[in-house]
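A.B. asks: Only the shape, not the letters, is given here:
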Ligand code: SAH
């Protein structure tokens, strides 16, 4: 029996906490849920809950590796150099990116920021000489960093703020009829709201992700200080918007966001407009935020797909399907965005 099975379900812990102390914030609910969710399982792939771009096709990681190698070569091939990945999942993206980069002479030290013991063991099998970190703070400070984060920011806990008849309030989680429901908190939050939204219609909801802003703030500061470039890839919007984007998936199906704490992957759209501002506040260059389809096409996914299909003709249909999933406007191509950052003095990035 694994440790996970012996633990009290998170839903029971939350219900007791709420009964004793009142509603808990969406931020706390999401943070605790995802920590529990990722700690004990591999959520990726057909047998899991969801599939990510690197698990769809090796082309994704290879083109990321090509982009990093191109930046590094044009920056003058500095040494030492560090590949850093946040939330590397099964290690598939790193393995494919590092293999592609090696063809251009880029063989960086490898650093993974990962919280899940279960996923760490899969990452060890994929990239045996990686080093692990709990957060970005312990990444080496000498030598540029080449950083990648795919579907990492969307899993970080968000705060939700909702306009009520009595003003802005934090959105909290309560229990009604033994079910988790969103409710407005009782403490005024108007002071935390941007001036242009203070008088919004009742029912208006905005989201902020302090944890994502903190990560980008730290990464951008590192780039400005020690050189390098970064790619943040996730689903989300590059213009500010309102409305709840909280969602959960389990076994490849959307489920009620608050219904299965610790048992489903809870995510929210990434606010790329805010993150671009955060990066630039640290003298880091924002290269742009573009659709994943646009970016992969600009990096030559067609040519890569053609050469893979030529090498294994029996796979050519599967390769075409994978390419469409990654780039199609009605699939991942528009909803998913690629945000590029670079140190001052580093080259412009391809694809932006
Ligand atoms: N990048 C991978 C996996 C995406 S799933 C892919 O594209 O396939 C999200 C990843 O982020 C997992 O590896 C998860 O364990 C990790 N993660 C989520 N929240 C985290 C946190 N707060 N700290 C560190 N890692 C986290």
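C.D. replies: Great, that's in hand. Keep in mind it's a predicted model, so treat the numbers as computed, not measured.
A.B. asks: My guess is residue 68 contacts residue 148. True?
C.D. replies: Yes - Residue 68 sits in contact with residue 148 when judged by Cβ atoms under 8 Å, with a separation of 7.4 Å. C-beta coordinates here come from the backbone N, C-alpha and C atoms, glycine included.
A.B. asks: which residues are in contact with both of these two?
C.D. replies: Shared between the contact lists of residue 68 and residue 148 (criterion: Cβ atoms under 8 Å, 6 or more residues apart in numbering) are residues 83, 97, 231.
A.B. asks: and the residue lying closest to the second one once chain neighbours are set aside, how far is that from the ligand?
C.D. replies: Spelled out, that is residue 97. With sequence-adjacent residues excluded and distances taken as Cβ to Cβ, 6 or more residues apart in numbering, residue 97 is closest to residue 65, at 3.3 Å. As defined by Cβ to the nearest ligand atom, to the nearest Å, residue 65 lies at a distance of 14 Å from the ligand.
A.B. asks: Doesn't residue 65 belong to a helix?
C.D. replies: Yes - counting by DSSP: H, G, I helix; E, B strand; the rest coil, residue 65 falls inside a helix.
A.B. asks: list the contacts for it?
C.D. replies: By Cβ under 8 Å, 6+ apart, residue 65 lies in contact with 96, 97, 98, 99, 100, 101, 106.
A.B. asks: swap in residue 268?
C.D. replies: By Cβ under 8 Å, 6+ apart, the residues touching residue 268 are 30, 154, 158, 207, 209, 245, 246, 247.
A.B. asks: okay if I get those as JSON lines plus pLDDT, secondary structure and distance to the ligand?
C.D. replies: Conversion of the contacts of residue 268 to JSON lines gives the following (pLDDT from 0 to 100; DSSP: H, G, I helix; E, B strand; the rest coil; distance: Cβ to the nearest ligand atom, whole Å):
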{"residue": "30", "pLDDT": "98", "secondary structure": "helix", "distance to the ligand": "10"}
{"residue": "154", "pLDDT": "98", "secondary structure": "helix", "distance to the ligand": "8"}
{"residue": "158", "pLDDT": "98", "secondary structure": "coil", "distance to the ligand": "13"}
{"residue": "207", "pLDDT": "97", "secondary structure": "strand", "distance to the ligand": "17"}
{"residue": "209", "pLDDT": "97", "secondary structure": "coil", "distance to the ligand": "12"}
{"residue": "245", "pLDDT": "97", "secondary structure": "coil", "distance to the ligand": "17"}
{"residue": "246", "pLDDT": "98", "secondary structure": "coil", "distance to the ligand": "15"}
{"residue": "247", "pLDDT": "97", "secondary structure": "strand", "distance to the ligand": "14"}
